[in-house]
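[1] What would the 3D arrangement of this be:
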Amino acid sequence: MGKRKPMPSAAARGLKNRPKKPRSAMQGAESREENPQLLEHDDEIVDTESGAAGTVQRDKKANGSFQGTAQSDEDDIEDEYDAPSGDAPGDTINNGNDCFDETETSCSFHRHVSNIITNEEVKVLMKKNYKFKWEMPAVDIPRSKWVGTGEKVQEACDDHLRDVKGKLRDHWQRTLSDHLNSRMSFFSLCNSYRDIMHCNKKPFYLKSNGPDSSTMDAYLMHALNHVHRTRDVVIRNDAKLRNDADRDISDDKTYLDQGFTRPKVLFLLPLKIFARRIVKRLIQLSPLPQKDSAMGQFKKEFGESDDEGIPEHSTKPADFDLLFAGDIDDHFLFGVKLTKKSIKLYSNFYSSDIIVASPLALKRKIDGGEHGKEKDFDFLSSIEIVVVDHADVISMQNWEHLEAVFEQLNQLPTKEHGTNVMRIRPWYLDQHAQYYRQTILLSSYLTPEINALFNGLCLNYEGKIKMVTEYAGVLPKIQLEVRQVYERFDASSIAEADDARFNYFCNKVYPKIQDLDEGGLLLFVSSYFEYIRISNFLKSKEASFCRIGEATSQQDISRSRLWFFEGKKKILLYSERSHFYHRYKIRGTKHLLIYSLPGRKEFYPELVNMLGESEIRKCNVLFSRLDLLKLERIVGTSSARRLISSDKGMFVFC
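    This next block holds a predicted model:
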């Protein structure tokens, strides 16, 4: 039997392996014309956080300021003398559909970064009054459709590759072969540079991972294309300035091509198993070779395969075994640099193009880490694409970490990082970068937290796209004949919902429980706040209960399960996070009381099926009109709407 790696406890998660602070100073070399020998002996910058090395170069001064920036490195210097298509540097290139001419308005990248929004447009965006005007079917996702603001996105077709660089396009046509068309649907949405919320993505660890692989490939292709396009513009302008050192660029908008720092793409992922999969596929989709020196370190830290430690004989659900089979550490943060020659992992943050991180590790970095170290998160100042994948798993960790990261994105840097201010795009200087940032949120289901993040912190001027799904529900997966009674309580607003639920439980539900003597009541709650609140209430009532939460020790868990099974404790308080990380089958359950519905729909039939050993099976569910998102995934969209709109307050499913 394979051995599963233990899940870190709630107290341990986030308190270990804190990152060290990287050096902020950037060493450089003189330009090729002045001292070509220095290019071969460029000083390395050791990233004390990742143990990797990066390099930067500095051109000769022109017009009293540096023309090169920290966004160039040794490999990039060679690129400056070798245009992407082999043409002379500085020449305008427009080979058919390659879209190399940066003045070509049909290129989505150029159109997005060159548009300057006004203060009036910013005021409109701040009102967050979004109107989803159009819709189109979601390919390979049943009962789902895309809806969006603004003009309708063009239907997916091969012509969407016109915005892709020649080398990338050729490589994808060879690598993806017959699968390229399946990637085009989501790639076309990403290429529109709008904020995207996809909350019906089937995870790759389930049996059929085709749609998930297509989605992942699409956003990786989009990220690679964006990084290559950004880099090409900088290289071309560097070459022009090298040929004409006396050129005055103060009034030339064509040289506005950079941000405050180099990193442009941020991938936020909950576990190392996801990071390993993303980086491995990123390397496969890039035409650049990978530096072998860093790959060994990556395999050592992230594992060799995605299915390590899957038990041969397991009583757990298949999705649990597959999800927790790999490395489930939730603390990682490293940079990825793309040059002409190769892809480099563990590059210095300020010389990286892509940052791969968990919300926990990045939050620790923002806070300064251990021992009061100096805070250093300026590398987040110029992020232009953020991808949050597996947001549903992040919601089972600490969602506040993710919100804290978003609050620090696109802030003015605290230090100068070798950037020439004469070449910074105007919307960075106007502090409008957040309105140009594209955010892609991916999850297997929608939560109020994801919805709030999408509506409140995603303010892309291009607009928004989200998926809408009609759910069939999971009631057919219940294997028992159980009378499930749904009780609706009134909650006038989200702010009052928690108190309304608690008051209904204390005044209407608990008195009935108190009068029963048989015990065997499994009390399920979905949030940690509810878990603590109900636990304190039961203590105040001197109730006979035990509890299992995400912070409960293994010894206490075993004791609680035994006491509940033997009837020594009448009530077992059980949290959704604990079920997510352990998937216990609670024996001795006679009565299931769902205080708040689980976010993951598959948990509902698992909980109800625990009543299988009891001759007297009872199931009660508390809900309000504000629980529609959870309710429709469990009972189905049509039934959920009836439960919400009906004048009655009690409903029965059999």
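
[2] contacting residues around L622?
    Going by CB atoms under 8 Å, 6 or more residues apart in numbering, L622 touches E487, F489, R501, Y504, F505, V509, L593, I594, Y595, S596. Backbone N, C-alpha and C define where each C-beta goes, glycine included.

[3] ok, then the element right after the one helix or strand it maps to?
    Using DSSP states H and E, L622 sits within strand 618-623. Once strand 618-623 ends, the next helix or strand along the chain (criterion: DSSP H and E) is helix 628-635.

[4] List the ones among the contacts of L622 that fall in helices.
    Per DSSP state H, helices hold the following members of these: R501, Y504.

[5] Pick the one among the contacts of L622 closest to I571.
    Lowest distance from I571 to these (CB to CB) belongs to L593, with 8.8 Å.

[6] That closest one pairs with what?
    For L593, the beta-bridge partners under DSSP bridges are L523, N620.

[7] Could you check how far it is from K570?
    Distance of L593 to K570, given as CB to CB, to the nearest Å: 12 Å.

[8] just Y219 next, same as before
    Computed as CB to CB, the Y219 to K570 distance reads 49 Å.

[9] Those two: which is more packed in?
    Applying other CB atoms under 10 Å to Y219 and K570 shows that Y219 carries more neighbours, namely 24 against 21.

[10] Shouldn't that one be within a helix?
    Yes: using DSSP: H, G, I helix; E, B strand; the rest coil, the assignment for Y219 is a helix.

[11] check contacts around it.
    By CB under 8 Å, 6+ apart, the contact set of Y219 is F186, F187, C190, V387, D389, I440, L442.

[12] wait, the third one sits on T439?
    Going back to what we said before, that points to C190. No: between C190 and T439 there is no contact under CB atoms under 8 Å: 11.1 Å.

[13] Now the common contact residues for the two.
    Counting by CB under 8 Å, 6+ apart, the residues touching both C190 and T439 are I196.

[14] low pLDDT regions in the stretch 251-400 of the chain?
    Residue ranges of the stretch 251-400 of the chain with pLDDT under 70: 292, 305-311, 369-373.

[15] now the strands for it?
    265-268, 333-338, 343-347, 354-357, 385-388 (DSSP state E, counting those that start in this stretch).

[16] Out of the ones you listed, the one nearest Q290 is which?
    Of all those, strand 343-347 comes closest under CB to CB, at 5.0 Å.

[17] Could you give me the buried positions within the closest one?
    The neighbour-count check on strand 343-347 (16 or more other CB atoms under 10 Å) flags I343, K344, L345, Y346, S347 as buried.

[18] What is that strand packed up against?
    When contacts are defined as 3 or more CB pairs under 8 Å, 6 or more residues apart in numbering; DSSP states H and E, strand 343-347 sits against strand 52-54, helix 272-285, helix 292-302, strand 333-338.

[19] What separation do you get for the residue nearest the centre of the chain and Q484?
    What sits nearest the mean C-alpha location of the chain, by CA atoms, centre = their mean, is V388, with 1.3 Å. Remark: distance between V388 and Q484 (CB to CB) = 34 Å.

[20] Show the residue spans covered by the helices in the stretch 351-500 of the chain.
    Taking DSSP state H, counting those that start in this stretch as the test, the helices found in the stretch 351-500 of the chain are 359-367, 391-394, 399-408, 426-429, 448-456, 494-504.

[21] Which of those has the highest mean neighbour count?
    Of all the helices of the stretch 351-500 of the chain, helix 391-394 carries the top mean neighbour count, a mean of 24, counting by mean count of other CB atoms under 10 Å.

[22] Now that helix - C-alpha only, PDB.
    Written as PDB, here are the backbone C-alpha positions of helix 391-394 (Å, rounded to 0.1, in the frame of the first residue of the first chain):
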ATOM      1  CA  ALA A 391      -9.600  28.600  -6.100                       C
ATOM      2  CA  ASP A 392     -12.000  26.100  -4.400                       C
ATOM      3  CA  VAL A 393      -9.000  24.400  -2.800                       C
ATOM      4  CA  ILE A 394      -7.600  27.800  -1.700                       C
END
